[in-house]
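Colleague: give me coordinates for this.
(chains A, B and C)
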Amino acid sequence: MVALKLIPHLLSWAGILLVLLRGYSERRSVVMKTSITGFTGGVAGAIILFRTFPETIPFGSIKTALAVSFFLLWVFSVAAVYSSTARRVPISRRGRFVNTSLCAGAVAFLAGMVAGAICTCRFPATASNTLTFIVLVLAAGALAYALVFCVRIIERLLPPSFTVSPSGMLIAVVAFLLFSSSSILRLDLFSPLSMKVMKGIHDFVHQFMESILIPDHLFVRSVVWKYIGILFSKGVGFWGGMVIWFTPAFLIVLAVNFERLPSVAHIRQGAQRRKLLAAAIKARRHRLVIPLLSVVILAAAAYQSSFPSTEYWDPKPIPISANQSGEIIIPKKGEVNLEDGKLHKYLFKQGDREARFFIMVTPEGQLTVDLDACAICKPDGYGQAEGSVICYYCKTLIPLETVGKPGGCNPVPVVFSVKGDNVAINGMTLINTWGSTVQATTRVKEGGK
Amino acid sequence: MLFRILKNSFLKRPKAVFLIFLSVAMGAAVATAFLGIAGEISHKMALELRSYGANILLEPSAVEGGGFLREEDLPKIKTVFWKYNITGFTPYLFGVADFSAGGKKERGVVSGTWFAKQLEVPGEDPSVQGIKGIAPWWEVQGTWPEGPDEAIVGATLAKRLGVIVGKELDATVHGRTQRFRVVGVVTTGGYEEEQLFAPLVTVQSLLQKQGKVSRVLVSALTVPMDEFGKKDPASMSKDEYEKWYCTAYVTSVAKNVEEVMAGSRAKPIWQIASAEGSLLKKLNNVMLLLTVLALVASATAVSTSLMASMAERGPEIALMKAVGADRFQISAIFVGETLIISIAGGVVGYLLGDQLAGIISRTVFNSAITSPLWLFPTAIISALVVAIAGSVAPLRRALLIEPVKVLKG
Amino acid sequence: MAETIIETNGLTRSYGDICALKPLDLQVPEGEWLSVMGHSGSGKSTLMNLVGGLDRPSDGSLRVGGEDLLALSEDGLARFRREFVGIIFQQHHLIPYLTAVENVMMAQYFHSVPDEAEARTALERVGLGHRLKNRPGELSGGEQQRVCIARAIINSPKLLLGDEPTGNLDNKSTIMVMELLKELRAEERFTVIMVTHNQEVAAWGDRTIYLDDGVLVREERMNS
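Modeller: Next up, the predicted model:
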């Protein structure tokens, strides 16, 4: 199963390799070596991160790397458009640097590293001891070697007229990485991006209104409010995100399209002149293939992010303990943001008794703490889907609005109190509630799903 | 240059181009119409069968209760074990009435119901129950009734009576007459279009059936029926029974509701709909088959007319080859030509097909149709498929032309 | 002596049982104007088609401009035709729905990219500057043939083939066309092979070969 889930990520990396090998057709061996080291290093690094830090740090750092690469893409695409429309085409230092083996190696290494780290995020189950760690890293290295080898064979089959420009390479690498990460909820960049855009616009409109720039006149208001309404709608974030998402790709497509054709005016014979021109146009068209393909990949990434495959959101229970007075204190905005609308699972142990529970905010904004079990089914726990949670045992969908209410297959609510910015639960009550409900329903003691 | 060649070649041979255009447009129109209707059928089926729509029908059991359910039992539905899975319910009280409006008299069904009623149940959260919630596909022109003498009228009945929104009509039952103000006309695609819907209380007093209800439609979030769900609970082991009991199969929810409504019998609606459903499914298959046949026919027509025009254009192709066009360039010209014609044909075909679907739907199925968004790309794609399928053989022939034989002399 | 542009060895072309061209050995030096004479059915058109890459020989070897035409694929032959050869037909063969300038541009399009200014210049060079936007139907035979010449030379071919280019023209037009060809040849220095059955037209060349029933029967050199 794990291997199957890895396939899209490995394919993305293979795509990156293919583009890099073709783009640096003179530095293939460097690209191949650094790619393998990068991938293996990425896997190893991510495993170490997952072992030493809580989950948020490795996820956060990989996400940051992705965000930085996307930002770089933006900078590069703007620069590409600028230089392509410039009157003279300077053979810039940048152009020369891009072609060095140092640059080739660096790009291949970094891309491999991020790809490897993303693959590791698929199963952040931390390697418990050094031996499994070594085995995992070696396996990753072998996998990387095999993959690079296969891609090299495929690359040989591509027609020689297919070439990749530096901007094409960059956009393809970033697009593949974003596609690869879009299927992992915590690495996804597009949804947070559209969220940010929406928040930004809302804040902006608020500020705008507070400074009373919008006239509060009876006639003007209704008209203006119609447009403000548009700014507040959910679509704003999505479309704004779309614009930011695709602009660099389109800029690069434009840049390639605007690339100046070689000057042929000095060639006297018409046929020869036209032939040179035709060859240049053809080469330019070939260079457009990769950026256009990247647009498709980016679209796929955005799609995957907006409509995640119906996998249930089911975080690993976070072990938690009570303080001296027997209270479990969980900050609302601590390491985990409890108010993000997702369910967050915790595992509470006291002696040899344990209880699994989750905290979430219902769509009405009500904070609720419930056992990860209902009064009737075996305690297989719940997962969260669009607008509902699902009981893994009986597969019944429970509307989110009713989570926190007892009855049916609903999760059993737990008494809790909000103290300042913390949620406080009595440990003893929790254990007892779990004990009494679960005892009645379970015969075979099972862990969570 | 390619476009100049294409443009001029179009202008020079309008008849041949028009013929191809016509066959593509016809194919696309038929495909659009049939697929649209097929899509509409499945859409309506899905609406009826989906877990959110009403899927449990509560009727008085024949034995007790005198043929009616009690309105006072209704709130209990919100207190059953599966209460959170019940997303909504609506009571109905039916009676035959003589309607008269503007001099016209018609006999029809008056039906009292809840549209969006605030329901307070002790110990439960208040909720809104009624048609609005469980039949979201009803299309109401106008507004939903709010006052006790306001009513919405089914589209067919409205047409027969000649009433429109804002008019008034009288309903007479056993000498009692109630005047209703029509605030909306409803299109549902079903038998409801023959009825008048008014607030339950009003109809109860009109029919002298205070506190009574003929049937209740319940909409519940259920688990799709599987083999396990169909088993007879009596034959299950203890473990199995436990699982069956705590799974929200439509049967178990129905059982649950039945228990709280005195004198009722609950039927999962899929049992009613399945016969109808299989018929619709067959009809759908016929539609798909017809679509495929129509597309094949128009592809053949495209192929024939292209063949004819190829024969006529032999010298031209031969000349292009002699001047040095390779196979790719020749294909680009002819495929480009067919693609342009077929896209134009697809657009026109879509517009025609949309109208055609409306006409067929109105005359055959007697219901309006809303064409879904996906029909447009479907029409264009089917046009392209027709064009490409139709141009394979002619193109092959064009590529086989030998300039020497054609350009003799 | 200039380099040899066409070299055939035992070149044969037969259609089924009919042998249109018996084994033929022929060498044409670069820049020569070769006239091919013979009765209809003597194989002169077959020879021209073979040399122009429009047809494939049944046997023998055929090298034109250093390329072995037998080894080229179908698309290879197309490339050879557009880059190396210009052809003028007796029946003109212009595309009826394109204007004069578009007919020339079509040849540019298949060769590389169209260039309208250059196409205009080419038509002006053949004296049709005033007939650019006319379709072939609106042009006289001589004018049409001049469009053909403009189209044939637009891609600077090394080899210009004429298949009875003056066969349908009156005397005056014939002389005009021949004068034009001579002028252009002086500027562009292409090799000309012209099939004709008109002794006078043949006399414009440097050398004339006579074919009869697919066999080279006589060869004579003109003194210019």
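Colleague: contacts, neighbours, all on C-alpha from now
Modeller: OK.
Colleague: how about residues contacting stretch A:171-189?
Modeller: A:8-9, A:12-13, A:15-16, A:19, A:59-60, A:62-63, A:66-67, A:69-70, A:73, A:111, A:114-115, A:118, A:121-122, A:190, A:249, A:252, A:290-291, A:293-295, A:297-298, A:300-302, A:304-305, A:308 (CA atoms under 8 Å, 6 or more residues apart in numbering or on different chains).
Colleague: any idea how far A:F59 is from A:K332?
Modeller: 20 Å (CA to CA, to the nearest Å).
Colleague: kindly export the host helix or strand of B:F89 (C-alpha atoms) in PDB.
Modeller: Assessed by DSSP states H and E, B:F89 sits inside strand B:86-101. Listed next in PDB are the C-alpha coordinates belonging to strand B:86-101 (Å, rounded to 0.1, in the frame of the first residue of the first chain):
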ATOM      1  CA  ILE B  86     -32.200  12.100   9.700                       C
ATOM      2  CA  THR B  87     -31.500  15.300   7.800                       C
ATOM      3  CA  GLY B  88     -35.200  16.200   7.300                       C
ATOM      4  CA  PHE B  89     -38.700  15.000   7.000                       C
ATOM      5  CA  THR B  90     -42.000  16.400   5.700                       C
ATOM      6  CA  PRO B  91     -45.600  15.400   6.400                       C
ATOM      7  CA  TYR B  92     -48.200  15.300   3.700                       C
ATOM      8  CA  LEU B  93     -52.000  15.300   3.900                       C
ATOM      9  CA  PHE B  94     -53.800  14.600   0.600                       C
ATOM     10  CA  GLY B  95     -57.300  15.200  -0.500                       C
ATOM     11  CA  VAL B  96     -59.200  15.600  -3.800                       C
ATOM     12  CA  ALA B  97     -60.600  19.100  -4.300                       C
ATOM     13  CA  ASP B  98     -62.400  21.000  -7.000                       C
ATOM     14  CA  PHE B  99     -60.300  24.000  -8.000                       C
ATOM     15  CA  SER B 100     -61.700  27.100  -9.600                       C
ATOM     16  CA  ALA B 101     -59.900  30.100 -10.800                       C
END
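Colleague: the inter-axis angle of the next helix or strand after that strand versus strand B:86-101?
Modeller: Counting by DSSP H and E, the next helix or strand C-terminal to strand B:86-101 is strand B:104-113. Counting by axes from the mean of the first three to the mean of the last three CA atoms, to 10 degrees, strand B:104-113 points 160 degrees away from the direction of strand B:86-101.
Colleague: quick check: mean pLDDT of the helix or strand just after strand B:104-113?
Modeller: For strand B:104-113, the succeeding helix or strand toward the C-terminus, using DSSP H and E, is strand B:117-119. In this model, strand B:117-119 carries a mean pLDDT of 83.
Colleague: same question for stretch B:398-408.
Modeller: pLDDT averaged over stretch B:398-408 gives 84.
Colleague: run the chain-centre distance for that stretch.
Modeller: 54 Å (CA atoms, centre = their mean, to the nearest Å).
Colleague: which secondary structure elements does the strand holding B:F89 contact?
Modeller: Applying 3 or more CA pairs under 8 Å, 6 or more residues apart in numbering or on different chains; DSSP states H and E, one finds that strand B:86-101 contacts strand B:104-113, strand B:127-129, helix B:131-134, helix B:155-161, strand B:168-173, helix B:200-207, strand B:212-213, strand B:215-220.
Colleague: would you format these as JSON lines with mean neighbour count included?
Modeller: Below are those laid out as JSON lines (neighbours: other CA atoms under 10 Å in any protein chain shown):
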{"stretch": "strand B:104-113", "mean neighbour count": "19"}
{"stretch": "strand B:127-129", "mean neighbour count": "16"}
{"stretch": "helix B:131-134", "mean neighbour count": "20"}
{"stretch": "helix B:155-161", "mean neighbour count": "19"}
{"stretch": "strand B:168-173", "mean neighbour count": "20"}
{"stretch": "helix B:200-207", "mean neighbour count": "21"}
{"stretch": "strand B:212-213", "mean neighbour count": "22"}
{"stretch": "strand B:215-220", "mean neighbour count": "25"}
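Colleague: weakest of these in terms of mean pLDDT?
Modeller: helix B:131-134 has the lowest average pLDDT among the helices and strands packed on strand B:86-101, namely a mean of 79.
Colleague: sheet-wise, list the partners of the strand holding B:F89 with their directions.
Modeller: Next to strand B:86-101 in the sheet, as set by DSSP bridges, lie strand B:104-113 (antiparallel), strand B:168-173 (antiparallel), strand B:215-220 (antiparallel).
Colleague: would you agree B:A301 is in contact with B:L22?
Modeller: No: using CA atoms under 8 Å as the test, B:A301 is too far from B:L22 to be in contact (9.4 Å).
Colleague: okay, now the unreliable bits of chain C?
Modeller: C:1-2, C:223-224 (pLDDT under 70).
Colleague: close to chain A: what parts of the stretch 1-150 of chain B are there?
Modeller: For the stretch 1-150 of chain B, the residues found near chain A under the criterion CA under 8 Å from any CA of the partner chain are B:F81, B:W82, B:K83, B:Y84, B:N85.
Colleague: great, nothing more from me.
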